[in-house]
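*Asks:* Generate a structure from the sequence data that follows.
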Amino acid sequence: MKTIEVDLSEIKPYPGNPRNNRKAVSACAASIRRFGYKNPILVDSEMVIICGHTRFAALKRLGFHRIAVNVADDLTPEQVKAYRLADNKVAEQSEWNPDLLKLELADLSGMDLDFSMTEFGFTLTDLSGMIETAVGNGEKEKDDETYYGEERLRTNNAYNLEIYKDIPESELVKPWNIPRLRPCSHVPTRLIDFNEAMTSTDYEAGVHFYIDDYRFERIWNQPERYIEILSRFDCVLTPDFSLYEDMPEAMCIWNVYRSQLIGWKMQEMGLKVIPTILWQEEPSYEYCFCGVPNGGTVSISSVGMAANEKERKRYLKQLHDCLTRIHPKTILFYGRLPEYDFGKIKVVSFKNKAFKHGSE
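*Replies:* Residues are numbered from 1 along each chain as shown. Now for the predicted structure:
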């Protein structure tokens, strides 16, 4: 076996990998961020991963470009296949010694660390053992501190700060730190809404969020659970969190941020993600297009935007302002197609199924 340095782009995940590592990627990325990349990925002579799919996903998330890999070029294809399974199976058979684990966590609780062990997958149940051990060792002052850490973890989960902390600095648009999406040129043949997708088996369809916000707020509350379901479908539009005229501007910025954050997480979990373009009056242009990549496919809706002539003219001006900023190659237009010269932009129209009246 030899160790060489290669571009991350040269490494290929094994398409038949039977292990689902998605839940472990965040913890692995946190470990690499804190302690460095210490355990090289093992690949075969064709740069296909034998062991290290989780590390590979974590390194991509962290923005690594060149890494060291171990090349097992002495194994036959049959041995590679067997070793890949054996390595994962052997890892399953090890267990924690709960008493020693409590002692180790208790030792860490007395150290001046700038991070929490929850970053690496330890749960509140694990840490409760640390509390009991620390108190038993006469370190009661750690009790309140640990409980505060638990409350902070709940807060992080409520605001999806664990996702935010995984985003490389280069993928955040200042000054609001709105996540930047990678361009996607995909075009679905049909769209179904998020609620339909929860029970549908039409996996060749794309999924949109052009429905009332309360019907899909749960994707913000439990992103990984619902992204797992959405991963079965052809593609997904980013959530259409509303920007209403009577909303405070801070709330509008928050909804743009939430849409882009969920979109970023979906891309990290391997989904084809198409940005849904949100905007309000001209002051919103400062933030509403943040993180939307140029040159790809985007989705725009005209639902409720053409109730009268005045509204129609205002919508067309805002549409023009939007397109001169994001320069898409293709638009998935949901609702009635406006009378507008899109020039060289390819426009694919999808009928609005939710409303049948004139405001569509």
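*Asks:* Could you check how many residues crowd around Asn17?
*Replies:* Residues lying near Asn17 (other CB atoms under 10 Å) number 15. In short, each C-beta sits where N, CA and C put it, glycine included.
*Asks:* ugh, typo on my part, it should be Glu268
*Replies:* Neighbours around Glu268, by other CB under 10 Å: 22.
*Asks:* Then the one 10 residues further on?
*Replies:* Each residue near Leu278 was counted by other CB under 10 Å, and the total is 24.
*Asks:* Using the three-state scheme, assign it.
*Replies:* Secondary structure of Leu278, reduced to three states by DSSP: H, G, I helix; E, B strand; the rest coil: coil.
*Asks:* Kindly report the same for Phe115.
*Replies:* Here Phe115 is coil, with the state taken from three-state DSSP.
*Asks:* Skipping adjacent residues, who's closest to it in space?
*Replies:* Excluding the flanking residues, the one nearest Phe115 by CB to CB, 6 or more residues apart in numbering is Arg34, at 6.0 Å.
*Asks:* Give the other helices and strands that whichever strand or helix holds Val236 contacts.
*Replies:* Assigned by DSSP states H and E, Val236 falls within strand 235-237. Strand 235-237 sits against strand 206-208, strand 273-274, with contacts defined as 3 or more CB pairs under 8 Å, 6 or more residues apart in numbering; DSSP states H and E.
*Asks:* Next, report how far the longest one is displaced from the centre of its chain.
*Replies:* What that stands for is strand 206-208. Relative to its parent chain, strand 206-208 has a centroid offset of 16 Å by CA atoms, centre = their mean, to the nearest Å.
*Asks:* so where do the helices sit in the stretch 201-350 of the chain?
*Replies:* 218-221, 223-230, 249-268, 285-288, 309-326 (DSSP state H, counting those that start in this stretch).
*Asks:* Flag every buried residue along the fourth one.
*Replies:* Judged by neighbour count (16 or more other CB atoms under 10 Å), helix 285-288 contains these buried residues: Tyr287, Cys288.
*Asks:* 6 is where my numbering starts, stick with that
*Replies:* That works, and once the first residue is 6, the last one we named lands at helix 290-293.
*Asks:* who does that helix touch, helix- and strand-wise?
*Replies:* Helix 290-293 packs on helix 254-273, going by 3+ CB pairs under 8 Å, 6+ apart.
*Asks:* Over to the third one?
*Replies:* Using 3+ CB pairs under 8 Å, 6+ apart, the elements in contact with helix 254-273 are helix 166-170, strand 183-184, helix 223-226, helix 228-235, strand 278-279, helix 290-293.
*Asks:* Thanks a lot, catch you later.
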